[in-house]
Structures are given as structure tokens and as C-alpha cells.
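Participant: Quick one: sequence plus predicted model below, questions after.
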Amino acid sequence: MTKLKSKIVNRKNLCKIGEEIGIREVLLYNNNRSINISTLEGNAFEALIGAIYLDGGYVKTKKIIEQYIFKRYLNFTQLLEEEIDFKSKLFIWCQRKKLDLKFNLLSEEHKNGKWEYNIQVQINQQEYGMGKGPSKKVAEQNAAKETFELLGEI
């Protein structure tokens with residue numbers, strides 16, 4: 001939950017919500033200065049939530065955030081999918097069961113100016129999921145996810 005909470009209130013999401021609620025239309029700022037307007041929107045949105053809290057208290061702020069912000073501007077499914085670290089979860093799963101886990105690099109190719117890595121998960125010398133990606137990290141995540149799917153764990 002802590003990781004999800006930090007993902008919800010990170011700068012990127014605050015800026016996105018600030019933009020989507022149209023906070024730019026009510027902001028007064030100097031157009032002549034080079035300002036990252038997106039950051040300004042995020043800061044203003046954060047300040048607005050703080051003002052609601054100071055004026056109405058915790059319960060009212062929580063109600064407003066749940067009813068108007070979470071439902072309209074956050075995609076929890078997407079946040080949860082982004083949050084899942086399948087490789088770490090697979091390491092933990094294997095450690096609990098005292099299984100040997102390896103990520104084997106099957107191939108790395110440079111195609112059309114981009115790298116593509118192919119990784120295969122091996123648990124106790126048995127081959128499981130495979131993953132592809134533009135980096136080893138992404139390919140390993142994809143291989144771990146496919147392994148969980150094959151094992152029926154997700």
C-alpha cells in the first residue's frame with residue numbers, strides 16, 4: 001500500500017491531475033519567465049488539497065479526494081500493474097519454496113537501431129516463462145510475469 005500511495009501522490013500524477021481539472025485556467029503566473037507549467041499545475045493542485053484540509057479537516061478532504069479525484073482522474077488498475085515488480089516477487093516466491101531461480105539470456109539483438117533482449121526463467125533447472133524487451137530489466141520482468149501465469153500464481 002505504501003508503494004501505491006507514493007505512486008498516487010508522485011509529481012507526475014499530481015501534474016497530470018492538475019492539468020486534467022483545468023487548474024491552469026485559474027492560475028496567475030508570469031508568462032515571460034520560463035516556467036514548467038505542468039509542475040506549476042501539480043504544485044497548485046497539491047496546495048488546493050492542503051487548503052481543503054485546513055478549511056474542512058481530514059474527513060472532508062478524504063471524502064473529496066475519494067469522490068472527485070480517485071474516481072475521475074486515477075486509473076488504479078494501471079497504477080497497480082505498473083507497481084508490480086514480478087522479478088522481485090518471483091525471487092521471494094522461489095526463496096520461500098527453496099527453489100533455485102535463474103534468468104538466462106537467450107539472445108540480444110540490435111535491430112533497426114534498437115536492442116531486443118530475450119530472457120528465459122529457469123526454476124530448478126526447468127524452463128518456464130520467456131520475456132522480450134528493449135532492456136534486460138524489461139525482458140526479465142516479462143519473463144517473470146509469464147512464469148507466474150504459467151504457474152497459475154496470477
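Facilitator: Nice, I can see it. Numbering: from 1, shown residues only.

Participant: how about the strands of this protein, start to end?
Facilitator: All strands of the chain, identified by DSSP state E, fall at 101-111, 114-123, 126-133.

Participant: of all these, which lies closest to V9?
Facilitator: strand 126-133 (28.3 Å; CB to CB). Glycine gets a C-beta too; all of them are placed from N, C-alpha and C.

Participant: pLDDT on the closest one, on average?
Facilitator: In this model, strand 126-133 has an average pLDDT of 96.

Participant: show me what contacts K132?
Facilitator: Applying CB atoms under 8 Å, 6 or more residues apart in numbering, we find K132 in contact with 116-119, 139, 142.

Participant: Buried ones among those residues?
Facilitator: Those of these that meet the buried threshold are 117-119, 139, 142, by 16 or more other CB atoms under 10 Å.

Participant: ok, of those residues, which one's closest to S6?
Facilitator: Checking the buried ones among the contacts of K132 one by one against S6 (CB to CB), the nearest turns out to be N142, at 24.0 Å.
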